[in-house]
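Asker: what follows is a protein structure lacking sequence information:
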């Protein structure tokens, strides 16, 4: 059914340049409705009792933010009655109804989020999310062939990895799982259909909330990377209160999202200020700074680079292990890779480097931290 | 959106030879859901306040006969609130929900029926049905150029005309209108968009329940015809109780619908028995009679003709005017047209004639009964 919803929404945009979001959701929700009907029929054709439900039918109640609604609650009674009767329940993802019964859609990542919300409402032991990969890896196997599938990863690590460009799960569904403490398992929809159910249920990667289980594991869970970024540096800036807002306020007003932000301690009352933006917005951000900011804050220079990438090491083990950062920097140094920016959080260290070194950096770090070895 | 629903149902039939009707309705109902969203957006683009509702959202409650459900009731409160606020309400036709909230579709003629049901629930003054013709005519203008549009026609006349092959309205919606006494107006969706609303509202044909208004009108409202029929005659049948069932029972068991049925008073304990079937089922009906019936009832002969047609005059005026039948027969006789079968009801006279005379018969009767003259 791929592309079908976009085709329908395209019809709406042919009619009106500014179509009513409420009506767009009426239209957009039909794609999943067709899909649940077809899936229920396919299950029945295999001899499995099955029944489909739209978001409205099982009261997936959301707020009324059409096209990006957030789930508030689910009435799980009807689903539970079916499950108790041995019926497979097929619920339309990506959709719900607001308190008035208007049809809503959840927007990007909405289908995974629906699954997690159902698992939360039903207090399920686990929410299994079938994707086109068989789990979360220590890094992208296309770059490092020795990348290893993780059996478990903590919720916080997954959140960092997802936000760093690991495309396994939409960050929104991970956040939702975190909020309701739903254990998520990512596994492949392409496994052998004859695999015993117990074996399949133990495959993939479990995203867990029990850090205790991690004590025996590696300090670092994985290496994420992202080459969609560009960096901009403003030099010779007066080091005074309000300077960060003076620089980033106009950028934000231009609807440009900023990722890493770094301000060095200054000397002689002057400092340098750097940040990264999505590569597509690099030129727009430079324009904003040159036109609206540079003269105003009396900056010496504004320059940037859109051939950079960000490489991050993620692991809850960092909390209890010192020396991770210095080992990372040493590893990169030994490969002759210059670090342009550094940013850290409690469970993550990110560096910005020249994009041509990305694969090299990922492989070197993967090996240095023994990520190819079973933990 | 034409053809879209058939395409989706085709997908279901690719998956399963015998798909669950409940799930087919989940799928089939999405077509109208897309349409109401698009229509609401189109109205809004014209500056009109509009809002779409699925059958579920305004509680069009039906029985649970999936794919051919019947409407039981409608909760009109939400619609009325919108109407009171000056909002155009766009409700999905052809669909509803059963008492359990399962999605149902109404089957053939369902969209018109939804409109009539809404008008009944809202106690509307009139239900306007926009079609590709501008009303109900005294006969088909393609056959009789002098055919005249009727300003009003009674519910019973419309029912006879619809069942006789006049394709203006689905008979089911007319029956529904009759049950709830909803005045229906058939009018064209292709009229000048700049036509004043009062003028448009008085155009088309009003299907009314007030026969009093008809006193000044013509005795005959219209002439319907149907060339999809074939006749079969069983001769030399013993004139005894149960003979009609002995002949038609096996035909009915073979799922062949019978239309006109005529049995003449017999002579010498023998009679002839004739009936008509759809032309597509002519051969099947003959086969049933020859194999299962002929020997059993000791009939002399079974023969038929699939080149016949049925021409009917319809009018509530027949109730109070004598001589209509004889004038009809005389008119046909004057044109040299032989009448093969005759069947009458309180407001209708039907004759079966050779199909080659169909146009001639329609034109001659149209003129003889002054249907081309404004009443």
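Answerer: Here it is on my side, so go on. The structure displayed is predicted, hence computed values, not measured ones.
Asker: do I have it right that residue A:121 meets residue A:76?
Answerer: Yes: counting by C-beta atoms under 8 Å, residue A:121 does reach residue A:76; the two are 4.3 Å apart. Using the backbone N, CA and C atoms, a C-beta is placed for each residue, glycine as well.
Asker: what does residue A:352 show for phi and psi?
Answerer: phi -100, psi 130 (degrees, to the nearest 10).
Asker: what's the local residue count around the closest residue to it other than its chain neighbours?
Answerer: Closest residue in space to residue A:352, ignoring its immediate chain neighbours: residue A:341 at 3.9 Å, by C-beta to C-beta, 6 or more residues apart in numbering or on different chains. Using other C-beta atoms under 10 Å in any protein chain shown, residue A:341 has 18 neighbouring residues.
Asker: quickly find the element holding residue A:351.
Answerer: Taking DSSP states H and E as the criterion, residue A:351 maps to strand A:348-354.
Asker: in that strand, which residues are buried?
Answerer: Using 16 or more other C-beta atoms under 10 Å in any protein chain shown as the test for burial, strand A:348-354 gives A:348, A:349, A:350, A:351, A:352, A:353.
Asker: do stretch A:75-93 as well
Answerer: Neighbour-count burial for stretch A:75-93, with 16+ other C-beta under 10 Å as criterion, is recorded at A:76, A:78, A:79, A:82, A:87, A:89, A:90, A:91, A:92, A:93.
Asker: near chain B, from the residues you listed?
Answerer: For chain B, no contacts are drawn from these by C-beta under 8 Å from any C-beta of the partner chain.
Asker: quick one: which of those residues sit in strands?
Answerer: Members of the buried residues of stretch A:75-93 lying in strands (criterion: DSSP state E): A:89, A:90, A:91.
Asker: quick one on the thing from earlier: surely the residue nearest to residue A:352 meets residue A:262?
Answerer: Yes: counting by C-beta under 8 Å, residue A:341 touches residue A:262, with 5.4 Å between them.
Asker: joint contacts of these two?
Answerer: residue A:274 (C-beta atoms under 8 Å, 6 or more residues apart in numbering or on different chains).
Asker: for the stretch 101-250 of chain A, what lies in contact range of chain B?
Answerer: A:101, A:102, A:103.
Asker: go with 7 Å
Answerer: residue A:101 (C-beta under 7 Å from any C-beta of the partner chain).
Asker: please, where are all the strands along the stretch 101-250 of chain A?
Answerer: Secondary structure of the stretch 101-250 of chain A by DSSP state E, counting those that start in this stretch: the strands cover A:103-105, A:127-131, A:152-154, A:184-188, A:205-208, A:222-226, A:229-238.
Asker: redo the ones you listed as JSON lines? Include distance to residue B:107, mean neighbour count and mean pLDDT.
Answerer: Compiled in JSON lines, those are given as follows (distance: least, C-beta to C-beta, whole Å; neighbours: other C-beta atoms under 10 Å in any protein chain shown; pLDDT from 0 to 100):
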{"stretch": "strand A:103-105", "distance to residue B:107": "24", "mean neighbour count": "29", "mean pLDDT": "96"}
{"stretch": "strand A:127-131", "distance to residue B:107": "36", "mean neighbour count": "19", "mean pLDDT": "90"}
{"stretch": "strand A:152-154", "distance to residue B:107": "52", "mean neighbour count": "23", "mean pLDDT": "88"}
{"stretch": "strand A:184-188", "distance to residue B:107": "42", "mean neighbour count": "22", "mean pLDDT": "90"}
{"stretch": "strand A:205-208", "distance to residue B:107": "47", "mean neighbour count": "24", "mean pLDDT": "90"}
{"stretch": "strand A:222-226", "distance to residue B:107": "54", "mean neighbour count": "25", "mean pLDDT": "91"}
{"stretch": "strand A:229-238", "distance to residue B:107": "56", "mean neighbour count": "20", "mean pLDDT": "90"}
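Asker: mind putting those strands into a markdown table with distance to residue A:289?
Answerer: Formatted as a markdown table, the strands of the stretch 101-250 of chain A follow (distance: least, C-beta to C-beta, whole Å):
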| stretch | distance to residue A:289 |
| --- | --- |
| strand A:103-105 | 37 |
| strand A:127-131 | 39 |
| strand A:152-154 | 38 |
| strand A:184-188 | 40 |
| strand A:205-208 | 39 |
| strand A:222-226 | 22 |
| strand A:229-238 | 7 |
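Asker: give me the neighbour count for residue A:274.
Answerer: 18.
Asker: and if you look at residue A:283?
Answerer: Neighbour tally, residue A:283, other C-beta under 10 Å: 13.
Asker: so it, which of the three states?
Answerer: Following DSSP: H, G, I helix; E, B strand; the rest coil, the label given to residue A:283 is helix.
Asker: my guess is residue A:259 contacts residue A:276. True?
Answerer: Yes: contact criterion C-beta atoms under 7 Å: residue A:259 and residue A:276 qualify, at 4.6 Å.
Asker: so who does the residue nearest to residue A:352 touch?
Answerer: Neighbouring residues of residue A:341 by C-beta atoms under 7 Å, 6 or more residues apart in numbering or on different chains: A:231, A:260, A:262, A:274, A:351, A:352.
Asker: where does chain A dip in pLDDT?
Answerer: By pLDDT under 70, the low-scoring segments of chain A are A:1-2, A:163-167, A:210-218, A:265-266, A:375.
Asker: tell me the one among the ones in strands among the buried residues of stretch A:75-93 nearest to residue B:298.
Answerer: Checking those against residue B:298 by C-beta to C-beta gives residue A:90 as the nearest, at 59.5 Å.
Asker: quick one, what contacts the closest one?
Answerer: Residue A:90 sits next to A:36, A:39, A:40, A:50, A:51, A:52 when contact means C-beta under 7 Å, 6+ apart.
Asker: taking the stretch 151-300 of chain A, what residue is nearest to chain B?
Answerer: Relative to chain B, the nearest point of the stretch 151-300 of chain A is residue A:193 (16.1 Å; C-beta to the nearest C-beta).
Asker: now residue A:115: how far from residue A:83?
Answerer: Applying C-beta to C-beta, to the nearest Å, the value for residue A:115 to residue A:83 is 15 Å.
Asker: next, give phi and psi for residue A:259.
Answerer: Phi and psi for residue A:259, reported as degrees, to the nearest 10, are phi -100, psi -90.
Asker: in chain A, which helix is the longest?
Answerer: In chain A, with assignment by DSSP state H, the single longest helix is helix A:30-45.
Asker: show me the contacts for residue A:181.
Answerer: Neighbour list for residue A:181: residue A:209 [criterion: C-beta under 7 Å, 6+ apart].
Asker: next one: residue A:20
Answerer: Shown in contact with residue A:20 (C-beta under 7 Å, 6+ apart): B:40, B:41, B:44.
Asker: kindly report the same for residue A:148.
Answerer: Contact analysis of residue A:148 by C-beta under 7 Å, 6+ apart lists A:137, A:138, A:371, A:372.
Asker: cool, residue A:113 as well?
Answerer: Contacts of residue A:113 were listed using C-beta under 7 Å, 6+ apart, and they are A:71, A:106, A:172, A:173, A:176.
Asker: nearest residue to the third one other than its sequence neighbours?
Answerer: This points to residue A:172. Using C-beta to C-beta, 6+ apart and skipping the chain neighbours, the partner closest in space to residue A:172 is residue A:109 (3.9 Å).
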